[in-house]
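A.B. asks: show me the folded form of this:
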Amino acid sequence: MTASVGAFCFLSGQVCVAGTRVFVQQSIYEKFTEELTKRAAQFPLGDPLDAQTMMGPLVSREQFDRVNGYFDVGLKDGAQLKTGGKRRGEKGFFVEPTVFGDVEKRNANRAGRNLRPRRRRDPVQGRG
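C.D. replies: Predicted coordinates for the structure are as follows:
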């Protein structure tokens, strides 16, 4: 679970290898979602030079506006916001780690690399 949260918050989600999507076995989907949401909500944001900080700000106003636009689209398209999705603090371009659930295939949050600190969960059925 720790790796799952860290994967999408690494470098504030602004790296092409950010783990913004996770496939979860349907039988543990609700429990996993609950724990991921709890941990993401507690993820320490702050000054990237502070050793206690796990996630710093977005790189620019342009990126900040782009990220917030994706959150708006996700909500408009019916994705369920579990945590985050808004600015943290008044200074800098800090965005809370964000978890969406029940994201439809047509939703923009499901498509492409958007370089932002957000995580989707997709329930999957096992083979047996």
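
A.B. asks: going forward, measure contacts and count neighbours with C-alpha atoms only.
C.D. replies: Noted.

A.B. asks: could I get the contacting residues of the closest residue to residue 55 other than its chain neighbours?
C.D. replies: Spatial nearest neighbour of residue 55, chain neighbours left out: residue 45 (4.8 Å); criterion: C-alpha to C-alpha, 6 or more residues apart in numbering. By C-alpha atoms under 8 Å, 6 or more residues apart in numbering, residue 45 lies in contact with 53, 54, 55, 56, 57, 94, 96.

A.B. asks: could you do residue 75 as well?
C.D. replies: Contacts for residue 75 (C-alpha under 8 Å, 6+ apart) come out as residue 81.

A.B. asks: what residues of the helix or strand harbouring it count as buried?
C.D. replies: Secondary structure assignment for residue 75, by DSSP states H and E: helix 61-76. The neighbour-count check on helix 61-76 (16 or more other C-alpha atoms under 10 Å) flags 63, 64, 67, 68, 70, 71, 74, 75 as buried.

A.B. asks: could you do stretch 28-38 as well?
C.D. replies: Across stretch 28-38, burial judged by 16+ other C-alpha under 10 Å covers 32, 33, 36, 37.

A.B. asks: distance check, the third one against residue 43.
C.D. replies: With distances defined as C-alpha to C-alpha, to the nearest Å, the gap from residue 36 to residue 43 amounts to 11 Å.
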